[in-house]
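Provided below are the primary sequence and the corresponding predicted coordinates.
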Amino acid sequence: MNAIDNLSVNSIRVLSADAIQKANSGHPGLPLGCAPAAYELWANHMNHNPANPSWANRDRFILSGGHGSMLLYSLLHLFGYGLKKEDIMNFRQVGSLTPGHPEYGHTVGVEATTGPLGAGMGMAVGMALAEKHLASIFNKDNYPVVDHYTYVLGGDGCMMEGISSEAFSLAGTLGLGKLIVLYDSNKISIEGSTDIAFRENVEERMRAFGFQTITVEDGTNTDAIGLAIEAAKAETERPSFITIKTEIGYGCPAKQGKASAHGEPLGVDNVKAMRENLNWPYEEPFFVPEEVYEHFAKMAREKADVEAAWNVMFAAYCEEFPEMEELWEKYHANVTPEALINNEKFWLEKEKPEATRSLSGKMLNLLKDEMPNLIGGSADLGPSNKTEMKGAGDFSAETPEGRNLHFGVRESAMAAIGNGIMLHGGLRAYVATFFVFSDYVKPMARLSALMNIPLTYVFTHDSIGVGEDGPTHEPIEQLAMLRAMPNLRVFRPCDATETSAAWLTAATSQKNPTALVLTRQNLNPVAGSSKEALKGGYVIDDCEGMPEAILIASGSEVDLAVKAKAELEAEGRKVRVVSMPCMELFEEQSAEYRESVLPKAVRRRVVVEALSDFGWGRYVGLDGAYVTMKGFGASGPAGKLFEKFGFTVENVVNTVKAL
């Protein structure tokens, strides 16, 4: 390592330590130990342009160990991504551009929100998958317009989390040769040596997954790290896994190699001792020598030249292949709501009783032709979820042009990979599984919502209607769980019209992920269902004048509510039925509209939904009642279960009368 490289690496270390010390909060261990590897990668191997952070063909870098965020912020500051010294000094403060963990959409240059360990690993696999697919669509001889790498850096915690094994197993199967994992192997966790809980041979595991494995024995040797990265880039058939043996908290004599370096400030005296140990002659906090800034600025200009050369090549590509330029624009543009919602072919006919999962499959196959960048699949449940795009081919190591993804039984990784595909850009993704297994999906769906990326989740087999598989496969509390999540739209349609509205909402969303919650069993078409479902809640069957009572239902229970209303009406009672397929969309409507659907003066309200009643209180109030699940389900034919648990016309009618 020459003098300027050494000074640059230590600049990263000192900035990180100073920021964490000033905040009196943070994780210095990873930035101090990984500074040489990160610098070598960003300076000498990654194609990126600080002047244009959204360049389509940039290499992606994900810090899966997001607690080490000051490593990333230091790089972004030094390379000129817009983070000022004041931002570094404001680390972990309210409203700052340098929050405790990297947040996508908040800080320029952050490719993914990483907090839960291992999540970044899964999202990196999604980005590498997206690159491989897009390259197969767009690249021509002499025109590698999609040709970049995905780098992800994480440590022992990321490798312990099961999601990383799920994701890497699939990455090896799919031959994602442009995925390069940098493993910060320092053998320290919060509780001490990793030997207390983690003694496996990680490299052997990665080889079993189908990775090329490379080991760098000295994490301070940037030359060795550089050779390892180049060897990884040279392997095109397999993803690569580089073990870099580091010391946590490197450079701080009292903390180096110790668990205490992980998640607490070094302390004023230890920061001073670190400066001395690193031969850093500057006592002023946050000081970086001008020659270091000039060095990084020079590298940034060189990296801008790489994009400039790509732009020249892309312009020639567009001139020679104008049809591909048009397709590129279509892939990278958002579908406007008007293009779909006002097109009658995207509104399914209410022809016969049909499961909403089947109706969803029809919608998916209508949308796939309008949206050529639509890609997705299921966690080994495609035939049950009805998520196959007919004629679109299967994505595999051999056929990366296929649009149907097979995730295997890997729900957590599936959702993370879906996030990664969306974050990459150029593609619109969906993922699918049984609704009860949304428990596995939830942490990554939370990241979708937090990052404002409109990934679509297809959840089928949505209630006790699952039937004979019994309570382990019958969701109860899952709908309430997802409805509790900020920024996630949860859509449970009752028939063909509402299923169309659900998919059109999902396909045109710009920042809200959408969960489509769909039935296994056939549902009768509901006469009053309409495009008003796009508002989330609407009057689907009304009475004359002001109602005495309101029935509110979603999904399979809307038809039941309509039948109960008919019986009550025959007895001279005035009842309104409100379909509420999506609470979140309903809450986005005006107060006047919501009042017109659920007038405050009508306090006799009954919710009918074959799931938990949790979350319905704001619509039911103190005077209302519930026909919902009070416990877990049971094994038996679906029809018998609905009777057993009170989802009958008689019970709904009696519940209304009791009010």
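Looks like it came in fine.

ok now the helix or strand of the chain with the lowest mean pLDDT, how far from the chain's centre?
When the helices and strands of the chain are scored by mean pLDDT, DSSP states H and E, helix 337-341 comes last with a mean of 90. Centroid separation between helix 337-341 and its chain, computed with Cα atoms, centre = their mean, to the nearest Å, is 25 Å.

ok, and what's touching that helix?
If you take Cβ atoms under 8 Å, 6 or more residues apart in numbering as the criterion, helix 337-341 is touched by 346, 367, 370, 504, 507-508, 531, 534. (C-beta placed from N, C-alpha, C; glycine too.)

Got the domain ranges for the protein?
3-303, 337-517, 535-658 (automatic domain parsing).

Which among those domains is found nearest to Met324?
Closest to Met324 of the domains of the chain, according to Cβ to Cβ: domain 3-303, at 6.2 Å.

Now do the end-to-end distance for that closest one.
22 Å (Cα to Cα, to the nearest Å).

Quick one: which of the contacts of helix 337-341 is the most crowded by neighbours?
For those, the largest number of neighbours (other Cβ atoms under 10 Å) sits with Ala507, at 25 neighbours.

Show me what the helix or strand harbouring that residue is packed against.
Assigned by DSSP states H and E, Ala507 falls within helix 496-508. Judged by 3 or more Cβ pairs under 8 Å, 6 or more residues apart in numbering; DSSP states H and E, helix 496-508 is in contact with helix 337-341, helix 356-370, strand 489-491, strand 514-517.

For the helix or strand following the second one, which helices and strands make contact with it?
Towards the C-terminus, the helix or strand next in line after helix 356-370, according to DSSP H and E, is strand 374-378. For strand 374-378, the elements it packs on are helix 356-370, strand 404-406, helix 411-424, strand 428-434, judged by 3+ Cβ pairs under 8 Å, 6+ apart.

before we move on, the earlier item: of the domains of the chain, which is nearest Trp310?
Comparing the domains of the chain by Cβ to Cβ, domain 3-303 comes nearest, at 5.4 Å.

Could you pull up the mean pLDDT of the closest one?
Across domain 3-303, pLDDT averages out at 98.

likewise stretch 518-530?
For stretch 518-530, the per-residue pLDDT averages 97.

and that stretch, how far apart are its ends?
With Cα to Cα, one end of stretch 518-530 sits 18 Å from the other.

From the structure, what's the count of residues near Glu544?
Glu544 - counted by other Cβ under 10 Å - has 7 other residues nearby.

Tell me the pLDDT of the closest residue to Gln478 other than its chain neighbours.
The shortest distance from Gln478 to any non-neighbouring residue, by Cβ to Cβ, 6 or more residues apart in numbering, is to Ser438 (5.0 Å). On pLDDT, Ser438 comes in at 98.

Is Ser438 in contact with Val458, as I believe?
No - if you go by Cβ atoms under 8 Å, Ser438 and Val458 don't touch, sitting 10.6 Å apart.

if you count what's nearby, which of these two comes out ahead?
Per other Cβ under 10 Å, whichever of Ser438 and Val458 has more neighbours is Val458, with 28 against 22.

who's in contact with that one?
Residues near Val458 by Cβ under 8 Å, 6+ apart: 360, 378, 385, 387, 430-433, 516, 518.

Likewise for Cys543?
Contacts of Cys543 (Cβ under 8 Å, 6+ apart): 565, 569, 574-576.

try 7 Å this time
If a contact means Cβ atoms under 7 Å, 6 or more residues apart in numbering, then Cys543 has 569, 574-576 as its contacts.

same check, this time on Val9
Per Cβ under 7 Å, 6+ apart, neighbours of Val9: 35-36, 39.

what about it, distance to Ser579?
Distance, Val9 to Ser579, using Cβ to Cβ, to the nearest Å: 61 Å.

And Gln256, by the same measure?
62 Å.

follow-up on the earlier one: which one of the contacts of Cys543 is nearest to Met274?
Among the contacts of Cys543, Arg576 lies closest to Met274 (Cβ to Cβ), at 69.6 Å.

in a strand, that's where that closest one is, yeah?
Yes - Arg576: assigned to a strand according to DSSP: H, G, I helix; E, B strand; the rest coil.

give me the beta-bridge partners of it?
In this entry, Arg576 is beta-bridged to Ile550, by DSSP bridges.

Could you report the pLDDT at it?
98.

Quick check: it touching Val539?
Yes - applying Cβ atoms under 7 Å as the test, Arg576 and Val539 come out as touching, 6.0 Å apart.

quick one: which of these two has more around it?
Arg576 (23 against 18).

so what's that one up against?
539, 542-543, 547, 550 are the contacts of Arg576 under Cβ under 7 Å, 6+ apart.

ok, it to Thr194 distance?
Distance of Arg576 to Thr194, computed by Cβ to Cβ: 61 Å.

could you show me where the helices are in the stretch 551-659 of the chain, in order?
For the stretch 551-659 of the chain, the helices defined by DSSP state H, counting those that start in this stretch cover 557-570, 583-587, 591-597, 617-620, 638-644, 649-658.

Point out the other helices and strands that the second one packs with.
Translated: helix 583-587. strand 489-491 (3 or more Cβ pairs under 7 Å, 6 or more residues apart in numbering; DSSP states H and E).

avg pLDDT for the strand it packs on?
98.

Residues touching it, excluding its own?
479, 482-483, 502, 505, 512, 514-517, 581-582, 584-585.

Which strands border it, and is each parallel or antiparallel?
For strand 489-491, pairing defined by DSSP bridges yields strand 514-517 (parallel).

Report pLDDT for the nearest residue to Lys535 once chain neighbours are set aside.
Closest residue to Lys535 apart from its sequence neighbours, by Cβ to Cβ, 6+ apart: Gln589 at 5.4 Å. On pLDDT, Gln589 comes in at 98.
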